[in-house]
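J.: sequence and computational prediction follow.
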Amino acid sequence: MKKIKVAIVGVGNCASALIQGIHYYDSVDAHTIGLMHAMIGQYGPSDIEVVAAFDIDARKVGKDVSVAVFCNPNCCVHIVKEAPKSGVIVRMGSILDGFSSHMNEYPAPQTFKLSNEEEMCQEDIVSILKESESEIMLNYLPVGSQLATAFYAECALKAGLGFVNNIPVFIASDKIWTDRFKKLGLPIIGDDIKSQIGATIVHRVLSDLFEKRGAKIDRTYQLNVGGNTDFLNMINRERLKSKKISKTEAVQSVFFNQLDDDKIHVGPSDYVPWLKDNKICFIRIDGRIFGNVPINLELRLSVEDSPNSAGVGIDAIRCCKLALDNGIGGVLEGPSAYFMKRPPVQFTDDKAYELTEAFISEYS
């Protein structure tokens, strides 16, 4: 069986969960718990192979990727005890805005330890991508990495890779970028990955339930706290702008009539170190039902953040590969709407699911 060869940018918790999951599902029944699709076309989870990886942390750069995924500051739960050696060494990438200086105020192992190795230029990264025969690039850079994401998206274009943009920097929802990918026959899925059972998808489903059952939503909030480096990075509110836009639009899109800005708050809230990779979400919806009678719903969700992301990422990769196999370039509309918070076109979750299933069926 031909492998799906991927390059990972940012060997953090989400990459750790994904790589561990690839090996986990190689050793158990492919139809076991936790997969949205055991197979997509001819590809199972263990058909994904990491062939290139880039990071900027001194504790990861220079190590085999199977070792780097367990290095600090990663705090993802151990899905497997260890990952087999891959022979793929994590290379020093380009920093740009992929690191926020406020993180220097926090002690190791909570924060980054910047590598003093020389940053790679675009030509070097493109050369590595080509030599490794990478097919798909996964962007796992920190939230707010606008320049760095554009840098690596350019590398993907020059090396001829599909692109899965897991963060809220708007590439798939930017027509200039997507036209370039389409022209080269390269697929793109984005932007900002949803979790398998996460805050945004739960908020969307509950809001949709209110709307479909005739309840009037007056106001709502979603507050999230966690203790991984993603939450630490987002203490810098300047880096939160695109994340807040992405999460808010994902929820607003299911309303028949969108709420005024002062009636909705959706976004990360604070960093609590001892929570580590556990994310706790608080959702509240205030509304009115029959006879203008008030109703209030409050929900608390606790989940390991990175495996929750990997449960979706593992499908996004395989859909991207189907597109490559079938010569489809540009945005994959259905998969982007189903897997991502801020796709170019928002659909209801039911419609996005139908479009994704139709895509898988047609191109398998």
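T.: Received, thanks. Numbering: from 1, shown residues only.
J.: what's the following helix or strand after whatever helix or strand A52 lives in?
T.: In this assignment (DSSP states H and E), A52 forms part of strand 48-55. For strand 48-55, the following helix or strand on the C-terminal side (DSSP H and E) is helix 65-68.
J.: and that following helix, how far from the chain's centre?
T.: 20 Å (C-alpha atoms, centre = their mean, to the nearest Å).
J.: parallel or antiparallel, list what pairs with the strand holding A52.
T.: strand 4-9 (parallel), strand 90-92 (parallel) (DSSP bridges).
J.: out of the ones you listed, flag the one nearest V251.
T.: strand 4-9 (27.7 Å; C-beta to C-beta). (Glycine included, C-beta is placed from N, CA and C.)
J.: ranges for the strands of the stretch 201-350 of the chain?
T.: According to DSSP state E, counting those that start in this stretch, the stretch 201-350 of the chain carries its strands in the segments 216-226, 264-271, 278-289, 293-304, 330-331.
J.: okay, buried residues for the first one please.
T.: Buried residues in strand 216-226, counting neighbours by 16 or more other C-beta atoms under 10 Å, are found at 217, 220-226.
J.: helices and strands around that strand, which ones?
T.: helix 199-212, helix 241-252, strand 264-271, strand 278-289 (3 or more C-beta pairs under 8 Å, 6 or more residues apart in numbering; DSSP states H and E).
J.: how far off centre is that strand?
T.: Distance, centroid of strand 216-226 to centroid of chain: 21 Å (C-alpha atoms, centre = their mean).
J.: what of the shortest one?
T.: Mean-position distance between strand 330-331 and its chain equals 17 Å (C-alpha atoms, centre = their mean).
J.: would you mind extracting the C-alpha trace of the longest helix along the chain into CSV?
T.: Ranked by number of residues, the top helix in the chain under DSSP state H is helix 305-325. Extracted C-alpha coordinates of helix 305-325, given in CSV (Å, rounded to 0.1, in the frame of the first residue of the first chain):
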residue,chain,number,x,y,z
ASP,A,305,-7.2,19.1,23.5
SER,A,306,-4.6,17.6,21.1
PRO,A,307,-6.1,14.1,20.5
ASN,A,308,-9.4,15.9,19.9
SER,A,309,-7.7,17.8,17.0
ALA,A,310,-5.9,14.7,15.7
GLY,A,311,-9.2,12.9,15.4
VAL,A,312,-10.1,15.4,12.6
GLY,A,313,-6.6,15.9,11.2
ILE,A,314,-6.2,12.3,10.3
ASP,A,315,-9.3,12.5,8.0
ALA,A,316,-8.2,15.9,6.5
ILE,A,317,-4.9,14.4,5.5
ARG,A,318,-6.6,11.4,3.8
CYS,A,319,-9.1,13.6,1.9
CYS,A,320,-6.3,15.8,0.7
LYS,A,321,-4.5,12.7,-0.6
LEU,A,322,-7.7,11.6,-2.5
ALA,A,323,-7.7,15.0,-4.1
LEU,A,324,-4.0,14.6,-5.1
ASP,A,325,-4.7,11.1,-6.5
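J.: where does pLDDT dip in this structure?
T.: Within the chain, the set of residues satisfying pLDDT under 70 comprises 1, 28-31, 107-110, 112.
J.: would you confirm that M340 contacts T200?
T.: No - counting by C-beta atoms under 8 Å, M340 stays clear of T200, with 10.0 Å between them.
J.: give the residues shared as contacts by these two.
T.: K194 (C-beta atoms under 8 Å, 6 or more residues apart in numbering).
J.: give me the more crowded residue out of the two.
T.: M340 (28 against 22; other C-beta atoms under 10 Å).
J.: show me what contacts the more buried one?
T.: 165, 172, 189-194, 316.
J.: and what of D286?
T.: D286 neighbours (C-beta under 8 Å, 6+ apart): 217-220, 294-296.
J.: identify the farthest-apart pair in those residues.
T.: Farthest pair in these (C-beta to C-beta) is T220 and P294. Separation: 13.8 Å.
J.: quick revisit: go through the helices and strands packed on strand 216-226 and name the closest to I95.
T.: It's helix 241-252; of the helices and strands packed on strand 216-226, that one is closest to I95 (C-beta to C-beta) at 18.9 Å.
J.: the closest one versus strand 278-289: what angle between them?
T.: Put simply, helix 241-252 runs at 40 degrees to strand 278-289, going by axes from the mean of the first three to the mean of the last three C-alpha atoms, to 10 degrees.
J.: list the buried residues for helix 241-252?
T.: 242-252.
J.: and stretch 166-182, by the same measure?
T.: 166-174, 177-178, 180-182.
J.: tell me the SS of A153?
T.: helix (DSSP: H, G, I helix; E, B strand; the rest coil).
J.: quick one: contacts for it?
T.: 137, 139, 163, 165, 171, 177 are the contacts of A153 under C-beta under 8 Å, 6+ apart.
J.: how close does it get to K243?
T.: In this view, A153 and K243 are 18 Å apart by C-beta to C-beta, to the nearest Å.
J.: before we move on, what about I33?
T.: 30 Å.
J.: what's the answer for E249, then?
T.: Plainly put, E249 is 11 Å away from K243 if you go by C-beta to C-beta.
J.: what do you get for S16?
T.: S16 is 21 Å from K243, by C-beta to C-beta.
J.: and L324, by the same measure?
T.: In terms of C-beta to C-beta, L324 sits 29 Å off from K243.
J.: helices of the stretch 51-200 of the chain, start to end?
T.: 65-68, 122-131, 146-159, 175-183, 199-212 (DSSP state H, counting those that start in this stretch).
J.: now these in CSV, with distance to P344?
T.: Shown next, in CSV, are the helices of the stretch 51-200 of the chain (distance: least, C-beta to C-beta, whole Å):
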stretch, distance to P344
helix 65-68, 31
helix 122-131, 25
helix 146-159, 15
helix 175-183, 7
helix 199-212, 17
